[in-house]
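Student: Here you go, sequence then predicted model.
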Amino acid sequence: MGYRGVLMKSARRNRLLAAALLVLAGCLNVSFNVDSKVSLAVDATGTTYHGTVDVDLSTNGDFRSHKDKVNGVSIEKVAVTVLSIDSGNVGTQLTSGTLSLRAPGFPSDGSQDVTVGTLSALVYHDYLVTSAGGGGKVYTMPLGNAQAVDAFLMNNVVRGTGKFTAVVTAQTDAAPTHITIQIDFSNSLSYGLL
């Protein structure tokens, strides 16, 4: 084999090695979940409710450790349960509702909020967490706007302070409504090792 043949064989080997490294680099992604739970007292004197609760992902150790390396985020699930039916409550259900996200510094008029999803017919007693820990049903919110939510989380939360505000707007079947709900956010974050 001549000098030219050795060069061609070496170039081919280098191309194969480069291709293998690219494939390997694509496989070296690390994913981890960042879950957070917040509770919100729904106190409505009428049949319409609007409330906010702050969410802080920076309390999660994995989030703090890897925040600067994260290059992908995906909202996996948002679940709602009823923690308590409080004194003076008359209503029996949230007939409809919307959950949106707001970044720190965004206007309080909701003009830049990103809608996560909607809920309907959340009957308080059906979704009430029992004191024995067994719990009732869990309302899993349909995520019709997941791509926009993922972009919001990446741009405003991961690349920001790790904080956002959950905005709940709901209609009840009767007034007054006094319940406490819990919202569970499950997010998957990822970053490449190379």
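Tutor: Structure received. These figures come from a predicted structure and were not determined experimentally.

Student: residues in contact with residue 64?
Tutor: 58, 162 (CB atoms under 8 Å, 6 or more residues apart in numbering). All C-beta spots, glycine's among them, are computed from the backbone N, C-alpha and C.

Student: Check which residues of stretch 167-185 are buried.
Tutor: For stretch 167-185, a neighbour-count test (16 or more other CB atoms under 10 Å) marks 167-172, 176-185 as buried.

Student: what does stretch 40-58 give?
Tutor: 40, 42, 44, 49, 55, 57.

Student: Closest one of these to residue 101?
Tutor: Within these, the smallest distance to residue 101 is 8.3 Å, found for residue 55 (CB to CB).

Student: Packing partners of whichever helix or strand the closest one is part of?
Tutor: If you go by DSSP states H and E, residue 55 is part of strand 48-56. Packing partners of strand 48-56 (3 or more CB pairs under 8 Å, 6 or more residues apart in numbering; DSSP states H and E): strand 29-44, strand 163-172, strand 177-192.

Student: Run me through the strand neighbours of it, direction for each.
Tutor: strand 163-172 (antiparallel) (DSSP bridges).

Student: Could you check the angle the strand it pairs with makes with strand 29-44?
Tutor: Interaxial angle of strand 163-172 relative to strand 29-44 (axes from the mean of the first three to the mean of the last three CA atoms, to 10 degrees): 40 degrees.

Student: Could you check the angle strand 163-172 makes with strand 177-192?
Tutor: Going by the same axes, to 10 degrees, strand 163-172 makes 140 degrees with strand 177-192.

Student: From the chain's centre, how far out is strand 163-172? Work that out for me.
Tutor: Taking CA atoms, centre = their mean, to the nearest Å, one finds strand 163-172 lying 13 Å from the centre of the chain it belongs to.

Student: now swap in stretch 170-185 and tell me
Tutor: 20 Å.

Student: which SS class is residue 62?
Tutor: helix (DSSP: H, G, I helix; E, B strand; the rest coil).

Student: Give the burial count for it, as a bare number.
Tutor: Neighbour count for residue 62, taken as other CB atoms under 10 Å: 12.
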